[in-house]
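**Q** What follows is a predicted protein model with its sequence.
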Amino acid sequence: MSNTKISQLFDKMANVYDQWFDDNPRVVAAEIAAIRQVTLPFNHALEVGVGTGRFAEALGIKLGVEPSVAMANLARARGIEVVEGFAQALPYADVTFDTLFMITVDCYLEQLTPVLRECHRVLLPSGVLVIGHIDIDTPLGALYQAEKEKDVFYRDATFRGTNTIIDKLKQTGFEVEAIRQTVSTLENIDHEVRFGHGDGVFVALRARKC
Ligand SMILES: C[S@@+](CC[C@H](N)C(=O)[O-])C[C@H]1O[C@@H](n2cnc3c(N)ncnc32)[C@H](O)[C@@H]1O
């Protein structure tokens, strides 16, 4: 899907997207906990594809890049400074941030490698990239893939497995330091956060710029 079509989708569906967080507080709590477990203290962080700012607000991230105006406006209402732009061309100078976050954005990127290179460019030496993603190589991930045609948000998604993400991170000059997984059913129940990957459909990982 082109960047323009993705922006149009999220412009149209911003409120529906945002409502999911209110409807699934225990799933959201597990995903935030997984991201927290791989996050180190930061001074200057950016969330790439900040969406409506739910993770940014919870994690204390003050700045985001987001192509959808409607999503960006909801994030701004949560106190996040949002710059309109795309992950493929981040509007920042080289070596700017100590930490980048990119949470459930990779499935909207047909090509992940150029975006990882762009993240590498704007990170300080030894800076870290925290990724949250839907792991297709899990039982629930397989269901997402099988049923994606029925889901307006995932119809055109490019889902990946965690091993694919790790390989691409290595190829673009990152070293993976920490991985957590959570959410193994679609129910809004308490979900445990565990080390590694392969079961939980939501995976959080931290990669350091080498
Ligand atoms: C599933 S939402 C996730 C939003 C937020 N990170 C969260 O976890 O709630 C995906 C977001 O990625 C954004 N996005 C899609 N393609 C992008 C791109 N090329 N560059 C930056 N953001 C993008 C969408 O506009 C949308 O806000």
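**A** Yes, it's here. Here the structure is a predicted model, which is why all the values come from computation and not from measurement.

**Q** contacts, neighbours, all on C-alpha from now
**A** OK.

**Q** residue closest to the middle of this protein?
**A** Ile103 (1.0 Å; Cα atoms, centre = their mean).

**Q** Settle this for me: it is touching Leu46, isn't it.
**A** No. The criterion here is Cα atoms under 8 Å, and Ile103 misses it with Leu46 at 11.4 Å.

**Q** Give me the helices and strands touching the lengthiest helix in the chain, please.
**A** Scanning the chain for the longest helix, with DSSP state H as the assignment, gives helix 3-23. Where contact means 3 or more Cα pairs under 8 Å, 6 or more residues apart in numbering; DSSP states H and E, helix 3-23 is packed against helix 69-77.

**Q** before we move on, back to that, so what's the residue nearest to the centre of the chain up against?
**A** Ile103 makes contacts with Glu47, Val48, Gly49, Val50, Val130, Ile131, Gly132, His133, as judged by Cα atoms under 8 Å, 6 or more residues apart in numbering.

**Q** ok, and which of the residues you listed reach the ligand?
**A** Val48, Gly49, Val50 (Cα under 6 Å from any ligand atom).

**Q** residues near Gln37, how many?
**A** 18 (other Cα atoms under 10 Å).

**Q** does it belong to a helix or a strand, and which?
**A** Per DSSP states H and E, Gln37 falls inside helix 25-38.

**Q** got the residues of the chain near the ligand?
**A** 3, 6-7, 10, 48-51, 54-55, 66-68, 71, 86-88, 103-105, 108.

**Q** In strands, which of those residues fall?
**A** Among the residues of the chain next to the ligand, the ones falling in strands (DSSP state E) are Val48, Ile103.

**Q** can you redo the contacts of Ile103 as TSV with pLDDT?
**A** Shown next, in TSV, are these (pLDDT from 0 to 100):
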residue	pLDDT
Glu47	99
Val48	99
Gly49	98
Val50	98
Val130	99
Ile131	99
Gly132	99
His133	98
